[in-house]
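Engineer: Below are the sequence and a predicted model; questions follow.
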Amino acid sequence: EDDVALVFEPSFCESFEDMLKEHLGPSVLAYDFIQAQAPALLGKLDDGSLDVLSLSTCRLEPSAAVAMSKGLHSLTWLDLSANRLTSGGADQSAIVAFAANLRSATGLAGLNLANNAIDPTGAAALAEGLRLHASLTHVNLGRNQVHDQ
């Protein structure tokens, strides 16, 4: 069985965001909009037929990433680098919820969350959410606010 990959290049994400702003005003990329406009993506997430998902540099907001993480059980590779998965500062609640949802993604081999303003609280939640993933071989948390304490 061949792997199924869905990769959105930054140019697609920029035009998608422009379309969103044109129709909804200066809003954020919300899960409800993705659900309405990209049924193929969510259908593949829901039916488990998607193996690889890259939404790097798509300006996803925390709420969209958390909502999408509920359907990631079939993925082997997830790239959400260079998005807005946290609100920055002390509010890491979205990444904590995201990490809890990743517990069901037991086949995940790679996770790229670089450049998302994840701090030590968020990194600890991710470590807890991913600690039992025997298949996980690659995690990228570069360019975040993770440091030794």
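Structural biologist: Cool, the structure landed. Numbers count the residues shown, from 1 in each chain.
Engineer: contacts, neighbours, all on C-alpha from now
Structural biologist: Noted.
Engineer: What pLDDT is listed against the nearest residue to P62 once chain neighbours are set aside?
Structural biologist: Distances taken as Cα to Cα, 6 or more residues apart in numbering place L85 nearest to P62, at 4.4 Å, with adjacent residues excluded. Confidence per residue is given as pLDDT, and for L85 that number is 85.
Engineer: Need the phi and psi values for L85.
Structural biologist: phi -70, psi -10 (degrees, to the nearest 10).
Engineer: Report the contact partners of it.
Structural biologist: The neighbours of L85, taking Cα atoms under 8 Å, 6 or more residues apart in numbering as the test, are L60, E61, P62, A65, A94, I95, N116, A117, I118.
Engineer: shaky segments in the protein?
Structural biologist: 1-44, 87-89, 148-149 (pLDDT under 70).
Engineer: my read: V66 touches L102, true?
Structural biologist: No. Contact status for V66 versus L102: not in contact, 9.7 Å apart, counting by Cα atoms under 8 Å.
Engineer: was I right about N140 contacting A114?
Structural biologist: Yes. Taking Cα under 8 Å as the contact criterion, N140 and A114 are neighbours in contact, 5.7 Å apart.
Engineer: Between these two, point out the one with more neighbours.
Structural biologist: When N140 and A114 are compared for neighbours, A114 comes out ahead with 20 against 14, by other Cα atoms under 10 Å.
Engineer: Check the secondary structure at that one for me.
Structural biologist: Judged by DSSP: H, G, I helix; E, B strand; the rest coil, the three-state class of A114 is coil.
Engineer: so it makes contact with H138?
Structural biologist: No. Counting by Cα under 8 Å, A114 does not reach H138; the two are 12.0 Å apart.
Engineer: just to revisit the earlier point, which one of the contacts of L85 sits in the busiest neighbourhood?
Structural biologist: Within these, I118 tops the neighbour count with 29 neighbours, counted by other Cα under 10 Å.
Engineer: how far away is the residue nearest to P62 from R59?
Structural biologist: Here the criterion is Cα to Cα, to the nearest Å. By it, L85 lies 9 Å from R59.
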